[in-house]
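Participant: sequence plus the predicted model coming up.
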Amino acid sequence: MALTLKYTASKIDELEREKKKPIVACLDDTTISNLASFIEKGKVNEDGRIGCSRAVAFAEIDDYMAAGGDTDGLLLDIMEALVDAGFLSRNLNFQLIKQTAKQKIDQAIKTL
């Protein structure tokens, strides 16, 4: 699941204009379409360029899922990149968030 994301002010502005809401509110929408929009704006390409086509974004999602990922993990990766870039609070502890999410999933599986 080697998806490298980086966000800039101009890419965040594009997302907010397209979605007509602030970046934090954009994270409430966990549809594949919205996740693809985040990848479109933030994917770091091999040549260092940031951004990709919609088709490439969907291919990245397919690869992410095929490698064992899920939409929750993808959303957390997007959020982590937003924190790293300063567009979400740098006080968020993503190691703890990911650990807590995994524990909740493991507990849910045990109860099934």
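Facilitator: Perfect, I can see it now.

Participant: all contacts plus neighbour counts: C-alpha atoms, from now on.
Facilitator: Fine.

Participant: am I right that residue 24 falls within a strand?
Facilitator: No: going by DSSP: H, G, I helix; E, B strand; the rest coil, the assignment for residue 24 is helix, not a strand.

Participant: list of residues touching whichever helix or strand residue 18 is part of?
Facilitator: Under the criterion of DSSP states H and E, residue 18 resides in helix 9-19. Residues from elsewhere that reach helix 9-19, judged by Cα atoms under 8 Å, 6 or more residues apart in numbering: 22, 23, 26, 37, 38, 41, 42.

Participant: in that helix, what counts as buried?
Facilitator: 11, 12, 15, 16 (16 or more other Cα atoms under 10 Å).

Participant: next: stretch 19-35.
Facilitator: For stretch 19-35, burial by neighbour count (16+ other Cα under 10 Å) applies to 23, 26, 27, 34, 35.

Participant: now do it: distance from first to last residue.
Facilitator: Length of stretch 19-35, first residue to last, Cα to Cα, to the nearest Å: 12 Å.

Participant: quick thing: my sequence starts at 89, can you match it?
Facilitator: Sure thing, new numbering starts at 89, so read that last one as stretch 107-123.

Participant: who's in contact with stretch 130-145?
Facilitator: 91, 92, 93, 94, 95, 99, 124, 125, 127, 128, 129.

Participant: now do stretch 166-183
Facilitator: If you take Cα under 8 Å, 6+ apart as the criterion, stretch 166-183 is touched by 93, 94, 95, 96, 111, 112, 126, 127, 164.

Participant: nearest to residue 156 among those residues?
Facilitator: When the contacts of stretch 166-183 are ranked by distance to residue 156 (Cα to Cα), residue 164 comes first, at 14.5 Å.

Participant: that closest one and residue 180, how far apart?
Facilitator: Relative to residue 180, residue 164 is positioned 11 Å away (Cα to Cα).

Participant: repeat that for residue 101.
Facilitator: Relative to residue 180, and taking Cα to Cα, residue 101 is found at 22 Å.

Participant: for stretch 143-150, buried residues please.
Facilitator: For stretch 143-150, by 16+ other Cα under 10 Å, it's 145, 146, 148, 149.

Participant: CSV for the residues you listed, including pLDDT?
Facilitator: CSV is the format used below for the buried residues of stretch 143-150 (pLDDT from 0 to 100):
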residue, pLDDT
145, 97
146, 98
148, 96
149, 97
